[in-house]
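> here is the input, now give the coordinates:
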Amino acid sequence: MTSTTAPDGSAPPIRLTQYAAGGGCACKIPAGRLESMLAGLVGAGARPGDGAGGLIVGLDDGDDAAAVRIEGGAAVISTTDFFTPVVDDAYDWGRIAAANALSDVYAMGGRPILAINVVAWPVDVLPDELLAEVLRGGLDVATQAGCPVAGGHSITGPEPVYGMAVTGIGDPDRLLRNDAAEPGLPISLTKPLGVGLLNNRHKATGERSQAAIDSMTTLNRDAGAAALAAGARAATDVTGFGLLGHLSKMCRASGVSAVVDHATVPYLPGAREALRDGFVPGGSRRNLDWVRPHLRADVGEDELLLLADAQTSGGLLVVGEVPGAPVVGETRPAGETRIVVR
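Modelled structure (predicted):
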């Protein structure tokens, strides 16, 4: 920020996005680099099995959360998600971060039952009152989800960071998984894409997209329940690796390929204009670079960037037909090309 006072002499509003290098799920470590870092850890410490304490879902397939079977036959689902500010409004950022963290449980077909806050805050730079607003936003969304927030952990840090660690429960025989996709099924998407582009425009210009905020703060609770009711077995939420990245991970884990019909994919108002004006997050470009070796496209670069756009608190990508959600493609038997965009 270049000034310390507004034209009327008051302090200008604090723009949280200016205090972080990245923003939202677009600040994830690039998928290819992350996989290289984790390569030696896959399967380490796992206790697979059907009894209590048996790991059902772990690190191996890059799923949305981990799941372990406990006494009584239930599955406990565990996840954490946090990031730097994706919008300037502290309360909205808290709501978005909470909805995003809870989404991992819904993406597994579970129900969140407990959350704790994860916070880093530059205490000598940003006022305490802003952090209180962030926490209030997170609490309000968790309350909407019927999930209590019981404390957490905070540290001082150079950038503001907020998120949650969430515990959920689910039926171990009905979990939605990355490795359970079968060929010959439709692929549904439960939220429109484009929040990465719109958030990047917001950070650069201050222009607010209410449509993006409304999408990011919408819980995936109903979408997860609808996917289970429709008999789906495979799903993931679309976040920092974009639709193409998350679909690629699911196809690889399941041993299938996929076709995406770009004309059926929904986008938020203003997303294409943000692309036209150059507000493409670096994470979106990295996503496309990562999937490109496994991609065949009959569309232009702009369409691919939209499909690779790094989402924050995006919708569910479900193998199966979900009532009310557009079908954006289909799974096919494994082939030389993992994803075809037509």
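> which residues of this protein fall in strands?
55-57, 66-69, 75-83, 111-121, 149-156, 161-170, 186-189, 234-237, 256-260, 295-297, 316-319, 327-333, 339-341 (DSSP state E).
> closest to Glu129 out of those strands?
Closest to Glu129 of the strands of the chain, according to Cβ to Cβ: strand 111-121, at 11.6 Å. All C-beta atoms are positioned from the backbone trio N, CA, C, and that covers glycine.
> quick one, domains of this structure?
16-170, 186-341 (automatic domain parsing).
> turn the strands of the chain into a markdown table, columns for mean neighbour count, mean pLDDT and distance to Ala21.
Shown next, in a markdown table, are the strands of the chain (neighbours: other Cβ atoms under 10 Å; pLDDT from 0 to 100; distance: least, Cβ to Cβ, whole Å):
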| stretch | mean neighbour count | mean pLDDT | distance to Ala21 |
| --- | --- | --- | --- |
| strand 55-57 | 20 | 83 | 32 |
| strand 66-69 | 21 | 92 | 29 |
| strand 75-83 | 22 | 95 | 12 |
| strand 111-121 | 20 | 98 | 13 |
| strand 149-156 | 12 | 96 | 17 |
| strand 161-170 | 23 | 97 | 12 |
| strand 186-189 | 24 | 98 | 29 |
| strand 234-237 | 28 | 96 | 24 |
| strand 256-260 | 22 | 98 | 31 |
| strand 295-297 | 18 | 96 | 28 |
| strand 316-319 | 28 | 98 | 28 |
| strand 327-333 | 18 | 98 | 32 |
| strand 339-341 | 20 | 97 | 30 |
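> would TSV of the ones you listed with distance to Asp89 be doable?
Below are the strands of the chain laid out as TSV (distance: least, Cβ to Cβ, whole Å):
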stretch	distance to Asp89
strand 55-57	35
strand 66-69	32
strand 75-83	15
strand 111-121	16
strand 149-156	20
strand 161-170	13
strand 186-189	27
strand 234-237	23
strand 256-260	33
strand 295-297	36
strand 316-319	26
strand 327-333	31
strand 339-341	35
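> Ala310: which of those is closest?
Comparing the strands of the chain by Cβ to Cβ, strand 75-83 comes nearest, at 10.7 Å.
> spatially central, which residue of this structure would that be?
Nearest to the geometric centre of the chain sits Thr239, at 2.7 Å (Cα atoms, centre = their mean).
> of the strands of the chain, give the one that comes closest to Arg221.
strand 111-121 (8.2 Å).
> hey, C-alpha coordinates of the closest one in PDB?
Taking C-alpha atoms only, strand 111-121 is exported to PDB below (Å, rounded to 0.1, in the frame of the first residue of the first chain):
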ATOM      1  CA  ARG A 111     -19.500 -35.800   8.200                       C
ATOM      2  CA  PRO A 112     -17.300 -33.400  10.100                       C
ATOM      3  CA  ILE A 113     -17.600 -33.700  13.900                       C
ATOM      4  CA  LEU A 114     -14.700 -31.500  15.200                       C
ATOM      5  CA  ALA A 115     -12.400 -28.700  14.000                       C
ATOM      6  CA  ILE A 116      -9.500 -26.900  15.500                       C
ATOM      7  CA  ASN A 117      -8.000 -23.600  14.200                       C
ATOM      8  CA  VAL A 118      -4.600 -23.300  12.600                       C
ATOM      9  CA  VAL A 119      -3.200 -19.800  12.600                       C
ATOM     10  CA  ALA A 120      -0.100 -17.800  11.800                       C
ATOM     11  CA  TRP A 121      -0.300 -14.100  12.300                       C
END
